[in-house]
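Engineer: turn this into a structure:
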Amino acid sequence: MSMSITSFPENEVLERAEAILERRAAYNVRKDKFTSPAAVARYLKVRAAKEYDGAERFTVLFLDRRHNLIEAQTMFRGTTGTSAVYPREVVKEALKLNADAVIFGHNHPSGEAVPSSADLAITERLVDALKLVEVRVLDHVIIGDNSNESYSMAEHGEI
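Structural biologist: As a prediction, this is how the structure comes out:
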């Protein structure tokens, strides 16, 4: 008998951990405003672990003028090696939520937290699209599945 990903006992622990991290993130966002790429990576790792099914997922953290978290959404789901990201949909959601800034995050099921040329290209397209509606892109954090690795494009001067 095979188990589905939703029937793993670890999922209950991950759901509890996510709830704790979301409460802390809400507090820290007010206090620290996600100023640390490491804090963003921790938050994204818990979200990715809860949703993990071997596919790449693209998450957007929508922030207000003071960089408080308005909402975190996993907007796109792909395959094991790629995820289609549509700038138009991100812009629509940012406007709907009245966001002033965003942070992007996605996982690499391969385990390596290194941006591909496609990652760099879509980030540039997203930055350009959001700039037209005066929404700032603060970072794009890539996390490696099954590892503690993360990569901040802002820390590496790519945003």
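Engineer: that's a strand at E89, yeah?
Structural biologist: No - using DSSP: H, G, I helix; E, B strand; the rest coil, the assignment for E89 is helix, not a strand.
Engineer: that one against F58, yeah?
Structural biologist: No - using C-beta atoms under 8 Å as the test, E89 is too far from F58 to be in contact (10.3 Å). C-betas here are computed from N, CA, C, even on glycine.
Engineer: between these two, point out the one with more neighbours.
Structural biologist: F58 (23 against 12; other C-beta atoms under 10 Å).
Engineer: overlap of the contact sets of E89 and F58?
Structural biologist: Counting by C-beta atoms under 8 Å, 6 or more residues apart in numbering, the contacts common to E89 and F58 are 75-76.
Engineer: now do the strands in the protein.
Structural biologist: Per DSSP state E, the chain carries strands over the ranges 57-63, 69-77, 101-108, 136-144, 150-152.
Engineer: how far off centre is stretch 77-94?
Structural biologist: When C-alpha coordinates are averaged (C-alpha atoms, centre = their mean, to the nearest Å), stretch 77-94 and its chain have centres 11 Å apart.
Engineer: what pLDDT, on average, does it get?
Structural biologist: Stretch 77-94 carries an average pLDDT of 84.
Engineer: any idea which of the strands of the chain is most buried?
Structural biologist: Mean neighbour count, computed with mean count of other C-beta atoms under 10 Å, is highest for strand 101-108 among the strands of the chain, reaching a mean of 25.
Engineer: tell me what angle it forms with strand 136-144.
Structural biologist: With axes from the mean of the first three to the mean of the last three C-alpha atoms, to 10 degrees as the basis, strand 101-108 and strand 136-144 are set at 20 degrees to each other.
Engineer: need the contact partners of strand 101-108.
Structural biologist: For strand 101-108, the external contacting residues (C-beta under 8 Å, 6+ apart) are 34, 40-41, 44, 47-48, 52, 56-65, 67, 83, 90, 94, 114, 119, 123, 126, 130, 135-145.
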